[in-house]
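Q: Quick one: sequence and predicted model below, then my questions.
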Amino acid sequence: MAKEPTLITLRIDVDYPYPSRIRSFIYTAFGVKFGKDYLKNSKIIARMINESPKNVRAYWFFTPKTIPDLELLSLLDNERHEVALHVANNPSEELKLLEERTGKKLRYYTVHGTARFFARMMWRRWNYKAPSIPKDFPLESFYKFKTRGLDVICHSYSIEQSTKIAEHAVANGYVLHIHPIWLFQRGKINYRGPFYETLRRILGVDEEFETLTLRRKIFFTMARDVREYEKDVIPTKEFLEKLRQRGVDIFTFIERGWCFAIQNPSSSWVKENDNIALLRVTSFEEWWNRIGKKTRNMIRKAEKSGVKIEIAEPNEKLAEGIWKIYNETPIRQERGFPHYGTPLESVKRAIFSSKNSDYICAHIQDELVGFIQLIHGDNIGVISQILSLQKHWDKAVNNALIAKTVEVCANKGISWVMYGRMGNHPSLDKFKQNNGFTQFKLTRYYIPLTQKGKIATKLGLHREVKDVLPQPIKYPLIPVYNWISRTKMKVKLRLKH
């Protein structure tokens, strides 16, 4: 007999009507409505539940100020969802109101917590006591079920850890408790969220979003695919609509002009100039003859200094070696080094979860002194990281690593190698040029999906400051940027101690 799939049970407390807490406060306290995003996050969650291939049951607890509109009710109109009451002040009146407005018979209730003064003002609950539930109240308490706060878990742990904790809780019969307002944002006072990525994984939906990264800029959210250099990104109308529903204002991607051209791009897409450092690989011998004598001598110097280059399998020893490189110094190339202080466990997770990658490693005897993570994409190899121990920089470790990378790509028939962008770090740009990389200009598209996205692109806020500044102004400012970066790192380290 086939085993029943594990039931994923969700308790969803819809206590804020808008994604913004400020707007929710104004609406709840004064009844003033804003915009078209009423219960927006709840609708996103409902669609995710409906699209899930897994066995899901959701209990939606609404307050008098978050009564579902017709759009949300249509999404809840199937056996996966059940409407319930989130008591704010008057249980009996609120039950009657919710049943009348939704046309549904309710079974369960919970009580809205308003311990903080701000929340008590919203709901005009002037003491700490929760409203008393009458003994003859016709609804059952949902508190009889054991729950785990998914949005709380996601605040404290990484996405991978949160997913494991949540899946373990589900397997042990726990209900996952969420508040839609923390779907995308992180709480600073009550320590919740964001939980979208973890919920997406638990429900097994939005797989096309797996490699997307979201970035909040001023008043809008921008998304891009982290694999945009490794594969051709061709956004469809359905994909863009889904992004808009998920709260994204702008989607950005590049045209991989070295191997692909977008046919008839929409006139609504905003074009900007971008670039990458690109190397065409035909054979190792051709590259060797093309680079300068000085670079060839640096590679020979590494070999004479005892540097051995090989491809390493992801394992504990590799993780420990990379961790030591990360934590050798807080300052690299005159800037604060973002990987400094990374825990060993985080390095292990990153290495063991990496896909389509080669780790090209440099050793002196048994010590890892440098590495390149080379990601294999469609018709390109992307140098994701290249780092070496500073104490061995006199041995030209990075030059030897680049040489091995070219050899690996030539042997595997990879025609192109990418090494970041050019134009933001003069000394690094020089190193790239010496090793055969040239600046390849390409087009970056920005697609505004919402009114906020349109305003942001009209004002030019979608662009990075470093890309807006002309080179004659930007280059003199680089030492200033480096000083700020170093200072921030020093302050961070002092605060830790």
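A: Nice, I can see it. Since the structure is predicted, the reported quantities are computational estimates derived from the model, not experimental observations.
Q: Which residues belonging to stretch 373-385 are considered buried?
A: Residues of stretch 373-385 classed as buried by neighbour count (16 or more other C-beta atoms under 10 Å): 373-377, 379-384. C-beta here means a position set from N, CA and C on the backbone, and glycine is covered the same way.
Q: Taking those residues, tell me the two that lie furthest apart.
A: Using C-beta to C-beta, the buried residues of stretch 373-385 span at most 18.7 Å, a distance reached by Q373 and N379.
Q: Okay, the closest residue to F62 other than its chain neighbours and R246: tell me how far apart.
A: Distance criterion C-beta to C-beta, 6 or more residues apart in numbering; nearest residue to F62, sequence neighbours excluded, is V14 at 5.1 Å. Taking C-beta to C-beta, to the nearest Å as the measure, V14 and R246 are separated by 18 Å.
Q: Over to I478?
A: In this view, I478 and R246 are 36 Å apart by C-beta to C-beta.
Q: cool, and A362?
A: Remark: distance between A362 and R246 (C-beta to C-beta) = 42 Å.
Q: So the two - more neighbours on which side?
A: Per other C-beta atoms under 10 Å, whichever of A362 and R246 has more neighbours is A362, with 27 against 23.
Q: For my notes, confirm that one occurs in a helix.
A: No. Counting by DSSP: H, G, I helix; E, B strand; the rest coil, A362 falls outside a helix, being strand.
Q: which SS class is the closest residue to it other than its chain neighbours?
A: Among residues not flanking A362 along the chain, G370 sits closest, at 3.9 Å (C-beta to C-beta, 6+ apart). Local secondary structure at G370 is given as strand here, using three-state DSSP.
Q: and G370, what is it in contact with?
A: 307, 325, 361-362, 386-389, 392, 397-398, 400-401 (C-beta atoms under 8 Å, 6 or more residues apart in numbering).
Q: Narrow the residues you listed to those in helices?
A: In helices, defined here by DSSP state H, the members of the contacts of G370 are 325, 397-398, 400-401.
Q: which helices and strands sit right next to the helix or strand in which F25 is found?
A: Assigned by DSSP states H and E, F25 belongs to helix 21-30. Helices and strands touching helix 21-30, by 3 or more C-beta pairs under 8 Å, 6 or more residues apart in numbering; DSSP states H and E, are helix 117-123.
Q: pLDDT on the helix it packs on, on average?
A: Mean pLDDT, helix 117-123: 60.
Q: Who are the packing partners of the helix or strand following that helix?
A: Later in the chain than helix 117-123, the nearest helix or strand by DSSP H and E is strand 140-141. Under the contact definition 3+ C-beta pairs under 8 Å, 6+ apart, strand 140-141 sits against strand 108-111.
Q: try 6 Å
A: The contact analysis (3 or more C-beta pairs under 6 Å, 6 or more residues apart in numbering; DSSP states H and E) places strand 140-141 against no helix or strand.
Q: still on that earlier bit, farthest pair in the contacts of G370?
A: Spanning the widest gap among the contacts of G370 are I325 and A400, at 15.2 Å by C-beta to C-beta.
Q: The two: which is more packed in?
A: Neighbours were counted for I325 and for A400 using other C-beta under 10 Å; A400 has more, 25 against 19.
Q: correct me, but the more buried one touches V307?
A: Yes. Contact criterion C-beta atoms under 6 Å: A400 and V307 qualify, at 5.3 Å.
Q: Turn the contacts of G370 into CSV, including pLDDT and distance to E93.
A: Formatted as CSV, the contacts of G370 follow (pLDDT from 0 to 100; distance: C-beta to C-beta, whole Å):
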residue, pLDDT, distance to E93
V307, 97, 77
I325, 97, 64
C361, 97, 69
A362, 97, 72
I386, 96, 66
L387, 96, 64
S388, 96, 69
L389, 96, 69
H392, 94, 74
V397, 97, 73
N398, 97, 71
A400, 97, 76
L401, 98, 71
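Q: Would you mind stating the distance between Y196 and G247?
A: Distance, Y196 to G247, by C-beta to C-beta: 9 Å.
Q: Find residues that contact each of those two.
A: Residues touching both Y196 and G247 (C-beta atoms under 6 Å, 6 or more residues apart in numbering): F184.
Q: Output the below-cut-off pLDDT ranges for the stretch 51-200 of the chain.
A: Low-confidence segments of the stretch 51-200 of the chain, defined by pLDDT under 70: 114-129.
Q: all strands of it, in order?
A: Assigned strands in the stretch 51-200 of the chain, in chain order: 56-62, 81-87, 108-111, 140-141, 147-149, 175-178 (criterion: DSSP state E, counting those that start in this stretch).
Q: Got the domain ranges for this structure?
A: Following automatic domain parsing, one gets these domains for the chain: 8-205, 220-272+444-470, 282-414.
Q: how about these, which one is nearest M489?
A: Short answer: domain 282-414, nearest of these by C-beta to C-beta, at 3.1 Å.
Q: Just list what the helix or strand harbouring K454 packs against, helices and strands only.
A: For K454, the host element (DSSP H and E) is helix 451-458. Helix 451-458 sits against strand 220-225, strand 438-448, with contacts defined as 3+ C-beta pairs under 6 Å, 6+ apart.
Q: Need the contact partners of the longest one.
A: Same thing as strand 438-448. Residues contacting strand 438-448 (C-beta under 6 Å, 6+ apart): 250-255, 257, 269-272, 274-276, 278, 422, 454, 457, 462.
Q: can you rerun that using 8 Å?
A: When contacts are defined by C-beta under 8 Å, 6+ apart, strand 438-448 is touched by residues 222, 235, 240, 249-258, 262, 265-266, 268-279, 422-423, 453-454, 456-457, 462.
Q: Pull out the buried members of the residues you listed.
A: Buried subset of the contacts of strand 438-448 (neighbour count, 16+ other C-beta under 10 Å): 222, 235, 249-256, 262, 269-270, 272, 274-279, 422, 453-454, 456-457, 462.
Q: from those residues, which ones fall inside helices?
A: Among those, the members found in helices (DSSP H) are 453-454, 456-457.
Q: Rebuild those as JSON lines, extending it with pLDDT and distance to W483.
A: As requested, those are exported to JSON lines (pLDDT from 0 to 100; distance: C-beta to C-beta, whole Å):
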{"residue": "G453", "pLDDT": "96", "distance to W483": "34"}
{"residue": "K454", "pLDDT": "97", "distance to W483": "37"}
{"residue": "A456", "pLDDT": "96", "distance to W483": "30"}
{"residue": "T457", "pLDDT": "97", "distance to W483": "32"}
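Q: Put together a markdown table for those, with distance to K96 on each row.
A: Formatted as a markdown table, those follow (distance: C-beta to C-beta, whole Å):
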| residue | distance to K96 |
| --- | --- |
| G453 | 41 |
| K454 | 43 |
| A456 | 44 |
| T457 | 47 |
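Q: one step back: out of the domains of the chain, which is closest to S427?
A: Once the domains of the chain are compared by C-beta to C-beta, domain 282-414 is nearest, at 6.9 Å.
Q: how long is stretch 206-223 end to end?
A: End-to-end distance for stretch 206-223: 14 Å, by C-alpha to C-alpha, to the nearest Å.
Q: pLDDT averaged over that stretch - what is it?
A: Average pLDDT, stretch 206-223: 90.
Q: Would you mind listing the outside residues contacting that stretch?
A: Defining contact as C-beta under 8 Å, 6+ apart, one finds that stretch 206-223 is touched by 48, 51, 184, 200, 224-227, 239, 242-243, 246-252, 446, 450, 452-453, 455-456, 461-462.
Q: circling back: give me whichever of the helices and strands packed on helix 451-458 is most buried.
A: Most buried of those, by mean neighbour count (mean count of other C-beta atoms under 10 Å): strand 220-225, with a mean of 21.
Q: Between strand 438-448 and that one, find me the angle.
A: Using axes from the mean of the first three to the mean of the last three C-alpha atoms, to 10 degrees, one finds that strand 220-225 and strand 438-448 are set 130 degrees apart in direction.
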